[in-house]
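Novice: Below are the sequence and a predicted model; questions follow.
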Amino acid sequence: MTRITLYALMALHVVCSSGSYIFGKAAAVGFEDPAVLTLARALGAALIFLLGTGTLIPRPRFTPREWLQLLGFAFLLVPFNQYCFLRGLQHTVPSHPALFYALTPLGVLTLDSLISARRPPGFKFTGVALALAGVILILRPWERGETFSQIRTGDYWIMGAVASWMIYTVVVQPICRRHDPRTVTAWSLIMGAALMLPVAGKDLATLPLATIPVDVWLSLAWLIVITSVVMMQLWNLLLRNLTPVEVAICTNAQPPTTVLLALLMTSIGFLDRQPDLGLLFFVGMLMVLGGVLLVQLRT
């Protein structure tokens with residue numbers, strides 16, 4: 001696969017990600033229980049993967065040890081990552097998750113350095129400090145008031161989702177190079193849906209479906225088809241051809257594209273007014289992106 005093709009796939013992933021933050025917010029607000037929404041999303045994706053297995057997706061040929069690894073990936077992806085992400089979106093604004101996910105290269109590089117026992121160059125610590133300072137500026141722990149408190153609560157949940165995504169990006173690469181990434185993605189999410197069934201299965205079965213608006217169902221469809229199926233397949237395909245740090249770079253472009261899309265969706269009335277796109281947010285965004293880019297520089 002050529003570098004141009006890989007960069008095109010990374011660009012497609014960025015566009016899909018920006019939409020996921022917007023539509024994810026609408027779905028998270030429309031479903032009162034984030035666990036029910038997580039299960040509905042996971043089951044929808046699992047159904048698509050099961051229907052495609054044997055045709056679009058190769059049949060699984062994992063060893064018993066690899067099945068155990070997939071179970072760990074399943075926990076990281078669904079009960080941990082997806083639940084924290086959707087619960088956080090209930091309270092925060094779409095621009096914040098996009099920015100926190102831009103920290104993925106920083107976390108991936110740190111984990112990769114720990115695993116390989118290599119000490120990063122000193123200037124990379126400067127990048128880490130700059131990015132974390134930007135995060136603090138966006139969180140604004142000194143601010144008081146119900147709005148800022150609610151946004152911060154959502155941001156902390158999003159940070160949990162980002163942490164699980166960083167870990168997943170590092171640990172899933174070896175198996176993606178031994179097996180077809182489509183199969184790894186499919187069975188990680190199928191098993192993740194199974195893990196969520198005992199948690200939210202009963203509540204989903206008794207959910208009054210008629211009370212949920214059409215736009216919320218459309219947002220859920222985006223999360224299932226685009227976020228869980230298309231984007232996950234893209235991510236693991238990229239991991240088969242690039243290093244985790246190289247793949248994580250595409251998250252750098254998500255904050256500005258998400259901000260632009262959020263402003264557009266707000267102008268047409270799809271989203272409520274964004275309460276946190278002031279000067280401090282943009283300064284914090286520049287600090288985070290600057291720190292992350294500094295970390296990614298080669299010596």
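Specialist: Cool, got the structure.
Novice: how about the helices of the stretch 101-250 of the chain, start to end?
Specialist: Along the stretch 101-250 of the chain, the segments classed as helices by DSSP state H, counting those that start in this stretch run 104-116, 122-139, 146-171, 173-178, 181-205, 214-222, 232-241, 244-248.
Novice: Contacts only, for Phe270.
Specialist: With contacts defined as CB atoms under 8 Å, 6 or more residues apart in numbering, Phe270 is in contact with Ile22, Ala26, Asp215. Every C-beta, even on glycine, is put in place using the N, C-alpha and C of the backbone.
Novice: Would it be right to say that it lies in a helix?
Specialist: No - using DSSP: H, G, I helix; E, B strand; the rest coil, the secondary structure at Phe270 is coil, not a helix.
Novice: Gly19 versus that one, what's the distance?
Specialist: Distance of Phe270 to Gly19, computed by CB to CB, to the nearest Å: 11 Å.
Novice: now Thr257
Specialist: With distances taken as CB to CB, Thr257 is found 9 Å from Gly19.
Novice: Thr92 too?
Specialist: Separation of Thr92 from Gly19 (CB to CB) stands at 17 Å.
Novice: Neighbour count for those two, which is higher?
Specialist: Neighbour tally, Thr92 and Gly19, criterion other CB atoms under 10 Å: the higher count belongs to Thr92, 25 against 20.
Novice: how about stretch 42-60: buried residues?
Specialist: Of all the residues in stretch 42-60, those buried under the rule 16 or more other CB atoms under 10 Å are Ala42, Leu43, Gly44, Ala45, Ala46, Ile48, Phe49, Thr53, Ile57, Pro60.
Novice: starting at the chain centroid, how far to that stretch?
Specialist: With CA atoms, centre = their mean, to the nearest Å as the basis, stretch 42-60 stands 21 Å off its chain's centre.
Novice: can you list contacts of it?
Specialist: If you take CB under 8 Å, 6+ apart as the criterion, stretch 42-60 is touched by 78, 82, 180, 182-183, 185-187, 189-190, 192-194, 196, 204, 220-221, 224-225, 228-229, 232.
Novice: Just the buried subset of the residues you listed, please.
Specialist: Burial of the contacts of stretch 42-60 was assessed by neighbour count (16+ other CB under 10 Å); the buried members are 78, 82, 180, 182-183, 185-187, 189-190, 192-193, 196, 204, 220, 224, 228-229, 232.
Novice: Output the below-cut-off pLDDT ranges for the stretch 51-200 of the chain.
Specialist: Low-confidence segments of the stretch 51-200 of the chain, defined by pLDDT under 70: 116-117, 119-125, 128, 138-143.
Novice: Now with 90, please.
Specialist: Counting by pLDDT under 90, the stretch 51-200 of the chain shows low-confidence ranges at 55-56, 91-153, 155, 166, 169-170, 173, 177, 181.
Novice: Report the buried residues of stretch 148-164.
Specialist: Judged by neighbour count using 16+ other CB under 10 Å, the buried positions of stretch 148-164 are 148, 151-152, 154-155, 157-164.
Novice: so what's Gln254 closest to, chain neighbours aside?
Specialist: Once flanking residues are discounted, Gln254 sits nearest to Ala98: 4.4 Å by CB to CB, 6 or more residues apart in numbering.
Novice: So that neighbour lies in a helix, does it not?
Specialist: Yes - assessed with three-state DSSP, Ala98 lies in a helix.
Novice: how close does it sit to Gly284?
Specialist: As judged by CB to CB, Ala98 and Gly284 stand 12 Å apart.
Novice: Those two: which is more packed in?
Specialist: A direct count of neighbours by other CB under 10 Å for Ala98 and Gly284 places Ala98 higher, at 27 against 22.
Novice: quick one: that one and Ser17 touch, right?
Specialist: Yes - judged on CB atoms under 8 Å, Ala98 makes contact with Ser17 at a distance of 7.1 Å.
Novice: shared neighbours, these two?
Specialist: Gln254, Thr257, Thr258.
Novice: In the residues you listed, which has the lowest confidence score?
Specialist: Summarising pLDDT for the shared contacts of Ala98 and Ser17: the lowest-scoring member is Gln254, with 76.
Novice: Could you export the one helix or strand that residue maps to as CSV, CA atoms only?
Specialist: Under the criterion DSSP states H and E, the helix or strand holding Gln254 is helix 254-267. Included here for helix 254-267 are C-alpha records, laid out as CSV according to Å, rounded to 0.1, in the frame of the first residue of the first chain:
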residue,chain,number,x,y,z
GLN,A,254,-9.3,16.3,14.5
PRO,A,255,-9.7,19.4,16.8
PRO,A,256,-9.8,22.1,14.1
THR,A,257,-12.0,20.1,11.8
THR,A,258,-14.4,19.2,14.6
VAL,A,259,-14.6,22.9,15.7
LEU,A,260,-15.5,23.9,12.1
LEU,A,261,-18.1,21.2,11.8
ALA,A,262,-19.5,22.0,15.2
LEU,A,263,-19.9,25.7,14.2
LEU,A,264,-21.6,24.6,11.0
MET,A,265,-24.0,22.2,12.7
THR,A,266,-24.8,24.8,15.3
SER,A,267,-25.6,27.4,12.6
